[in-house]
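Engineer: got a sequence here, can you build the structure:
(one chain, ligands or ions: 1)
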Amino acid sequence: MYRSHNCGELNASHINKEVTLAGWVQKSRDKGFIVWVDLRDRYGITQLVFDEERTSKDMMEQAQNLGREFVIQVKGTVIERASKNPNIPTGDIEILVSELNILNEAKLPPFTIEDKTDGGEDLRMKYRYLDIRRNPVKNNLIFRHKVTQEVRNYLSQEGFIEVETPYLIKSTPEGARDFVVPSRMNEGQFYALPQSPQTFKQLLMVGGMDKYFQIVKCFRDEDLRADRQPEFTQIDCEMAFIEQEDILNAFEGLTRHLLKEVKGIEIDKFPRIQYDDAMRLYGNDKPDIRFGMEFGELNDVAQHKDFGVFNSAELVVGIAVPGGNSYTRKEIDKLIDWVKRPQVGALGMVYCRCNEDGTFKSSVDKFYDQDDLAKWAEVTGAKAGDLICVLSGDKNKVRAQLSALRMELAERLGLRNPDEFAPLWVMDFPLLEWDEDTERYHAMHHPFTSPKPGQLELLKTDPGAVKANAYDLVLNGNEIGGGSIRIHDKETQSLMFDYLGFTPEEAKAQFGFLMDAFQYGAPPHGGLAFGLDRLVSILGGQETIRDFIAFPKNNAGRDVMIDAPAPIDDTQLSELNLKLNINQ
Ligand code: ASP
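Structural biologist: Here you go, the predicted structure:
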């Protein structure tokens, strides 16, 4: 038996007990006549004591030579500590060691294995197994486990079946590039790794599985924007014989359960907002509603007043910054510089101070009198003491810019409290989205999403206006889940492929299997998928998903610990009938 107890469980009730512990040496303090060693495992830290009077000379010497991260096993007696440590559960006791076994020596770790380490991110990623010994990482992995357990408990109890779907498949259109895997046995042919199990879960519905879920890896070969991972985990779900309302209820239930079980927070009904309203009020399809600062559209009150910039703009829109009138001129100038940064891209910003005495002072006083500015305040909901920030220009661009400003100001004002949780559903997304690069419409969610009833015809005349039975679940300004009611008949599905610019041959080659399946009695179905990594990090009150993934990749998509991706040797290449064609 390696251990009778773990390093986190002994306390005063165990005094005089003989115990065996095993773990890593966190640190030791050598006073010459007495040596204390902190022994660490996953469960905590227990103090060991060796002293001249009670410990043999040999063992004393061994104890003095223990290095950090040595793996040891000790036998000894639990005794009361002279000076107690109220900060840890084992702080009342220590182990008077009678037997010391060095199980493995350790090189000096490249960074300190402490909560606050001296190791930078790159180093910690290279030695991730050492990083995982640290509480912050370890606790995040345990937290992730708790979340996934609760997901499994809840969905199983609701009658969902977890089914695994294959990884070596064919392209799934989730809008990213595929990772491909060459097939040795099928010369010149490739598998694609799933961007999601979308088509398989739909086939499971045709197969009668009715309520499916899977905690599953998905793979998308995208340029890695901050905090994206090329392989990530979804809680993927699908249901048959349901309406949109059933899906929303089922997964609102799951989210409510998670918030309650892992955060102790009870939230009643989740609010819902139309996609169009989210864009109008927050400039964003994943609004953070932990705070207000809703947009006020000012076209009616700010145009036709000799101010050319506003007159020529498609949209003039503002927000009220609570207490913003206290900003100095310099601070406002800095804010203007902030919106003009290329990442935000505004050309400028107009502002209006709402003075405590009810008067207004704007940066465009030449064009607007007090009555005009009072209207701005009314539309943006600004009160005395606030600052109104106004941007203008192309509707979509200006909304994105003001949304960025809204989030930035909320951050600065401390309104994005990680302990507060504000979920909401964003409903009725457009079916299609215009892609500037290819000058074509693309499915906004994916091509299996059904249009709203009666809107199929509109595809011919005004494709951009067609709304979909598609919904996102948003939490604190992040999309944590998204899904749709699917098309479940062959005709509509072929029509959709047609509108999306697939030739019938292309559609058949890529998705013939799905359309075939639709001919054999496909039930009405729909579903959604949660991004597990993001969900866990938000519930954990932290920003980066990497911190909740045991072995993440860096921003260049590399695993720096195992050094992947890496070249393969010529034999492997020739087995796969591949030749590299790389320009050096
Ligand atoms: N497959 C979709 C996604 O990965 C989710 C869904 O529609 O269920 O976003």
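Engineer: could you list the low-confidence segments of this protein?
Structural biologist: 584 (pLDDT under 70).
Engineer: and it, which of its residues are near the ligand?
Structural biologist: For the chain, the residues in contact with the ligand (Cβ under 6 Å from any ligand atom) are 174, 196, 198, 482-484, 527-529. C-beta: built from backbone N, CA, C; applies to glycine.
Engineer: so which of the residues you listed belong to strands?
Structural biologist: 482-484, 527-529 (DSSP state E).
Engineer: my read: residue 423 touches residue 475, true?
Structural biologist: Yes. Between residue 423 and residue 475 a contact is recorded at 4.8 Å, counting by Cβ atoms under 8 Å.
Engineer: residue contacts, the residue lying closest to residue 521 once chain neighbours are set aside?
Structural biologist: Leaving aside its sequence neighbours, residue 521 sits nearest to residue 206 (Cβ to Cβ, 6 or more residues apart in numbering; 7.3 Å). Residues near residue 206 by Cβ atoms under 8 Å, 6 or more residues apart in numbering: 517-518, 520-523.
Engineer: which residues sit against stretch 95-103?
Structural biologist: Contact partners of stretch 95-103, identified using Cβ under 8 Å, 6+ apart, comprise 10, 19, 21-22, 39, 46-51, 54-55, 59, 62-63, 66, 70-79.
Engineer: just the buried residues of those residues.
Structural biologist: 10, 19, 21-22, 39, 46-50, 55, 59, 62-63, 66, 70, 72-79 (16 or more other Cβ atoms under 10 Å).
Engineer: about what we covered before: any residues in contact with both of residue 423 and residue 475?
Structural biologist: Counting by Cβ under 8 Å, 6+ apart, the residues touching both residue 423 and residue 475 are residue 255.
Engineer: neighbour count winner among those two?
Structural biologist: residue 475 (24 against 19; other Cβ atoms under 10 Å).
Engineer: which elements pack onto the top helix by length along the chain?
Structural biologist: Longest helix in the chain by number of residues (criterion: DSSP state H): helix 135-157. With contacts taken as 3 or more Cβ pairs under 8 Å, 6 or more residues apart in numbering; DSSP states H and E, helix 135-157 sits against strand 161-162, strand 211-219, helix 244-263, helix 532-539.
Engineer: let me see the contact set for residue 313.
Structural biologist: Taking Cβ under 8 Å, 6+ apart, we find residue 313 in contact with 299, 303, 392-394, 398.
Engineer: which ones among those residues are found in strands?
Structural biologist: Mapping the contacts of residue 313 onto strands (DSSP E) picks out 392-393.
Engineer: buried subset of the contacts of residue 313?
Structural biologist: Among the contacts of residue 313, those classed as buried by 16+ other Cβ under 10 Å are 299, 392-393, 398.
Engineer: for the ligand, what is the nearest residue in the stretch 351-500 of the chain?
Structural biologist: The stretch 351-500 of the chain approaches the ligand most closely through residue 483 (3.8 Å), counting by Cβ to the nearest ligand atom.
Engineer: that residue touches residue 530, doesn't it?
Structural biologist: No. Residue 483 sits out of contact with residue 530 when judged by Cβ under 8 Å, with a separation of 9.2 Å.
Engineer: anything in contact with each of the two?
Structural biologist: Joint contacts of residue 483 and residue 530 (Cβ under 8 Å, 6+ apart) are residue 237.
Engineer: re the thing from before, got the CA coordinates for the longest helix of the chain in PDB?
Structural biologist: Output of helix 135-157 as PDB, limited to C-alpha atoms (Å, rounded to 0.1, in the frame of the first residue of the first chain):
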ATOM      1  CA  ASN A 135      -3.200  24.600  -7.600                       C
ATOM      2  CA  PRO A 136      -4.600  27.100 -10.100                       C
ATOM      3  CA  VAL A 137      -4.300  24.700 -13.000                       C
ATOM      4  CA  LYS A 138      -5.200  21.600 -11.000                       C
ATOM      5  CA  ASN A 139      -8.300  23.300  -9.600                       C
ATOM      6  CA  ASN A 140      -9.400  24.400 -13.000                       C
ATOM      7  CA  LEU A 141      -9.200  20.800 -14.300                       C
ATOM      8  CA  ILE A 142     -11.100  19.500 -11.300                       C
ATOM      9  CA  PHE A 143     -13.700  22.300 -11.900                       C
ATOM     10  CA  ARG A 144     -14.000  21.200 -15.600                       C
ATOM     11  CA  HIS A 145     -14.600  17.600 -14.400                       C
ATOM     12  CA  LYS A 146     -17.300  18.800 -12.100                       C
ATOM     13  CA  VAL A 147     -19.000  20.700 -15.000                       C
ATOM     14  CA  THR A 148     -18.800  17.800 -17.400                       C
ATOM     15  CA  GLN A 149     -20.100  15.400 -14.700                       C
ATOM     16  CA  GLU A 150     -23.100  17.700 -14.000                       C
ATOM     17  CA  VAL A 151     -23.700  17.900 -17.800                       C
ATOM     18  CA  ARG A 152     -23.800  14.100 -18.000                       C
ATOM     19  CA  ASN A 153     -25.900  13.700 -14.900                       C
ATOM     20  CA  TYR A 154     -28.500  16.200 -16.000                       C
ATOM     21  CA  LEU A 155     -28.800  15.100 -19.600                       C
ATOM     22  CA  SER A 156     -28.900  11.400 -18.700                       C
ATOM     23  CA  GLN A 157     -31.600  12.100 -16.200                       C
END
